[in-house]
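Enquirer: coords below, sequence missing:
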């Protein structure tokens, strides 16, 4: 969506890369901080229920597209792990890190497939987020099946976590599209 706005405004490649880089950085930082706030307020169970890292990643896909969203999806859990390891309690846990990176990459990549269409019609953010969330969670479940002999969690455990986080995904399936539509409306107003 941002690409289309900047192209319409005839922004240079340097400006496009700078804006996308800054937005990506901001979303990665939000993806690291938001889970910390949720864990602080609601404990570890709050993270599993509300899935706070997923919101900025879905935003990245919708706003930045597949490639940049993919970067945010991969970097967010990795940076969170690196920062929280300094405090002695890494989030996500080391065993879960590669799975979460893959899951969030799918979240962002799938929702990012819709970015050009979202620029034309903001309502398409709803199916973008929904399909991104379903694809990401399904991919994580598939990975748990494939790697169950070497991973410390089973498909049954992951299925239970998916069910626990369903309310958080539903909330994000509403909030993220509304945020994207609001940003789209602001950008269109500035173009007039």
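Expert: Sure thing, it's come through. This is a predicted model, so every value here is computed, not measured. Numbers count the residues shown, from 1 in each chain.
Enquirer: could you point out the longest helix in the protein?
Expert: In the chain, with assignment by DSSP state H, the single longest helix is helix 13-42.
Enquirer: buried set for that helix?
Expert: 16, 19-20, 23-24, 27-28, 30-32, 34-36, 38-39 (16 or more other C-beta atoms under 10 Å). From N, CA and C alone the C-beta is placed, and that goes for glycine too.
Enquirer: need the max-distance pair from these.
Expert: 16 and 39 (35.2 Å; C-beta to C-beta).
Enquirer: for residue 67, see how far away the nearest residue to residue 66 once chain neighbours are set aside is.
Expert: Spatial nearest neighbour of residue 66, excluding adjacent residues (C-beta to C-beta, 6 or more residues apart in numbering): residue 112 at 3.5 Å. Distance, residue 112 to residue 67, by C-beta to C-beta, to the nearest Å: 7 Å.
Enquirer: for those two, indicate the residue with more neighbours.
Expert: Neighbours were counted for residue 112 and for residue 67 using other C-beta atoms under 10 Å; residue 112 has more, 27 against 11.
Enquirer: what's the helix or strand containing residue 118 in contact with?
Expert: Element membership for residue 118, per DSSP states H and E: helix 115-120. The contact list for helix 115-120, computed with C-beta atoms under 8 Å, 6 or more residues apart in numbering, reads 1, 3-5, 61-66, 69, 124-125, 128, 180, 184.
Enquirer: quick check: pLDDT value at the residue nearest the centre of the chain.
Expert: The chain has residue 57 as the residue nearest its centroid, 1.7 Å off, counting by C-alpha atoms, centre = their mean. pLDDT recorded at residue 57 is 98.
Enquirer: list the buried ones in whatever helix or strand it lives in?
Expert: Per DSSP H and E: residue 57 is located in helix 54-64. Buried residues in helix 54-64, counted by 16+ other C-beta under 10 Å: 54, 55, 56, 57, 58, 59, 60, 61, 62, 63, 64.
Enquirer: so the residue nearest to the centre of the chain makes contact with residue 104?
Expert: Yes: if you go by C-beta atoms under 8 Å, residue 57 and residue 104 touch, sitting 4.8 Å apart.
Enquirer: which of the contacts of helix 115-120 tops the neighbour count?
Expert: residue 61 leads those on contacts (other C-beta under 10 Å) with 36 neighbours.
Enquirer: what pLDDT does the model give that residue?
Expert: 97.
Enquirer: quick check: residue 123 touching residue 181?
Expert: Yes: assessed by C-beta under 8 Å, residue 123 is found in contact with residue 181 at 7.3 Å.
Enquirer: dump the residue contacts of the residue nearest to the centre of the chain.
Expert: 27, 31, 69, 72, 73, 76, 104, 107, 108.
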